[in-house]
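> sharing a model prediction with you, sequence too.
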Amino acid sequence: MRALSIARRELYAYLRSPLGSAIVAGALLVDGILFYFDSLDQKRLSAQLLTQFFYDSSAATMIAGLLLAMRLLAEERQSGTITLLNTAPIRDRDIVLGKFLSSFGMLTVLNLLTVYMPLMVYIRGKVSVGHIAVGYLGLILLGSAVTAIGLFASSLARSQVVAAIIGAAMVGAFILLWVVARAVDPPFNTFFSGLALHHENYRPFMNGTLQFDRVAYYLMITYFFLLAATKVLEARRWR
């Protein structure tokens, strides 16, 4: 319940400040522009257009997730209110979970606001509802993982700008693991490819294929970085 109270407070903070609205509006604008230009290609099949939409939306989701998460703990430390959280009768894991839920909730709403674009493809073309549902599941899972990484970066930094830089560097490193996988020999190529945040793990969702090992991957990444953020808070509490 305490985690939900923190999540509610953070959601109100997003709605009161122009930051949350600006991030959501910017991501929606980018998604809309990319979808418009993709739809101009008359030779592209409906399924291909839908796959391209989920590919483009993944970039906006990752950027928005980092920008939404950068303030979660760094802002508390920057403004000095982290002391109030540390002295309050709230467990560190409740703080981390509540802040994660607020940012993840905003990101999920952002993704759901784009649903009219796949519906236009569904109405005018030949695609399945399952492809749309699996694609959005992939976006939500990817957003969850990136938000957790951004929250961990925010727990390390003393300012939002530094948190955004650290988070972007970590996400970029995870994405580029597929490049490393192409440069090494077996069995290391399979190992690095399996760790890549976007390439092999996200591709099945783009194509409308549900693979439970890919779902488990994103859930494990989310859990790991939430746990890491909790441990950082615990370490800082006793300094």
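Everything's here; your move.
> can you tell me how far the nearest residue to residue 74 once chain neighbours are set aside sits from residue 9?
Nearest non-adjacent residue to residue 74, counting by Cβ to Cβ, 6 or more residues apart in numbering: residue 163, 4.1 Å away. For the C-beta atoms, the positions are set from N, CA and C on the backbone; glycine is no exception. Noted for residue 163: a distance of 19 Å to residue 9, by Cβ to Cβ, to the nearest Å.
> neighbour count winner among those two?
Legend: neighbour count by other Cβ atoms under 10 Å for residue 163 and residue 9, higher for residue 163 (28 against 12).
> can you tell me the element the more buried one falls in?
Assigned by DSSP states H and E, residue 163 belongs to helix 160-175.
> residue 236 is in contact with residue 95, correct?
No - taking contacts as Cβ atoms under 8 Å, residue 95 lies outside contact range of residue 236: 11.4 Å.
> tell me the contacts of the residue nearest the centre of the chain?
Residue closest to the mean C-alpha point of the chain, counted by Cα atoms, centre = their mean, is residue 143 at 2.2 Å. Residue 143 is in contact with 61-62, 64-65, 104, 107-108, 111, counting by Cβ atoms under 8 Å, 6 or more residues apart in numbering.
> how about the helix or strand residue 216 falls within: buried residues?
In the assignment (DSSP H and E), residue 216 maps to helix 212-237. Neighbour-count burial for helix 212-237, counted by 16 or more other Cβ atoms under 10 Å, picks out 214-215, 217-218, 221-222, 225-226, 228-230, 232-233.
> tell me which other helices or strands that helix touches.
Identification of packing neighbours for helix 212-237 by 3 or more Cβ pairs under 8 Å, 6 or more residues apart in numbering; DSSP states H and E yields helix 82-87, helix 92-112, helix 129-156, helix 199-206.
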